[in-house]
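> Fold the stuff below for me.
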Amino acid sequence: MASIPLLRLSLPNRPAVRLPHPLKSTLHPPPQIRPKSITTTTTSRCSYTPTPATDRLISAASYFIPFFNGLQYGRFLFAKYPLLAAPFEPLIPLLSLYHSVPYASFVTFFGLYLGVVRNPSFSRYARFNALQALVLDVLLVLPVLLQRIIAPGRSGIGLKVTAWAYSGLFLFVVACFVYGLVSSVLGKTPYLPIVAQAAGRQLE
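Now for the predicted structure:
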């Protein structure tokens, strides 16, 4: 019996272990997560400035110059399909007035080039569209010069090739006109094939 107290004295003093209460849960509640405050910066990042009405009007009016000068290439289509000329009949008085003024095309070309393209007071949007229309107008002169040099004749295969080339060129001019006009009215930038690259290099 004397060994029992000795054993008790030899054991180290340990803290008393507390058992959990049987009616209390031992699981700790998860920490509360506070929602982060979301700062709305969409107004600063997604700011949109519409194209002014003046720039749209100048851009849309610029595409009428190559369109008026390009209608001459549709004479073969108009002769073969008279119904195609019906949508252009309301423009006949305006075309007659445009061609009745001496050097109207020459004056309009340089007036648009010096007054808009080389005028830094206008936006780049208006200057680009004006220059793109002028580049297209210059390209329309090349087939006429080529026809005068080659002289394909008024019959045979030369006339057929001329009719095909003129008809394709006319459809291209009409497509560019509609595309440029609609894009300018909507405030978007039209990029005409071949023409846009030449106009972009001139403004850089």
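> May I ask you to name the longest helix in this protein?
Selection of the longest helix in the chain by residue count, based on DSSP state H, yields helix 157-186.
> what mean pLDDT would you report for that one?
Over the span of helix 157-186, the pLDDT mean works out to 92.
> Kindly report the same for stretch 96-113.
Taken as a whole, stretch 96-113 has a mean pLDDT of 88.
> Start and end of it, how far apart?
End-to-end span of stretch 96-113 (Cα to Cα, to the nearest Å): 23 Å.
> Residue 124 is in contact with residue 202, isn't it?
No - with the criterion set as Cβ atoms under 8 Å, residue 124 and residue 202 do not qualify as a contacting pair; they are 11.6 Å apart. C-betas here are computed from N, CA, C, even on glycine.
> When those two are compared, which one has more neighbours?
More neighbours sit around residue 202 than around the other of residue 124 and residue 202, counting by other Cβ atoms under 10 Å; the figures are 14 against 11.
> Give me the neighbour count for the nearest residue to the more buried one once chain neighbours are set aside.
Spatial nearest neighbour of residue 202, chain neighbours left out: residue 131 (5.8 Å); criterion: Cβ to Cβ, 6 or more residues apart in numbering. When neighbours are counted by other Cβ under 10 Å, residue 131 registers 23.
> Now find how far off-centre stretch 108-117 is within its chain.
Here the centre of stretch 108-117 is set off from its chain's centre by 23 Å, with Cα atoms, centre = their mean, to the nearest Å.
> now do stretch 98-115
With Cα atoms, centre = their mean as the basis, the distance from the averaged C-alpha position of stretch 98-115 to the chain average is 28 Å.
> Just the buried residues of it, please?
Of the residues in stretch 98-115, those buried under the neighbour-count criterion (16 or more other Cβ atoms under 10 Å) are 98, 108, 109, 112.
> on that earlier part again, show me what contacts the residue nearest to residue 202?
For residue 131, the contact set (Cβ atoms under 8 Å, 6 or more residues apart in numbering) comprises 113, 117, 199, 202, 203.
> my guess is the third one meets residue 128, correct?
Just to be clear, that refers to residue 199. Yes - in terms of Cβ under 8 Å, residue 199 counts as a neighbour of residue 128; the distance is 6.0 Å.
> Low-confidence regions, the chain specifically.
Low-confidence regions of the chain, defined by pLDDT under 70, span residues 1-48, 151-155, 204.
> Tell me which stretches of it form strands.
In the chain, no strands are defined using DSSP state E.
> At the geometric centre of it, which residue do we find?
For the chain, the residue sitting closest to the mean C-alpha position, by Cα atoms, centre = their mean, is residue 189 at 3.9 Å.
> and that residue, what are its phi and psi?
Backbone torsions for residue 189, taken as degrees, to the nearest 10, come to phi -100, psi 120.
> roughly how far apart are it and residue 107?
Distance check for residue 189 against residue 107: by Cβ to Cβ, to the nearest Å, it reads 27 Å.
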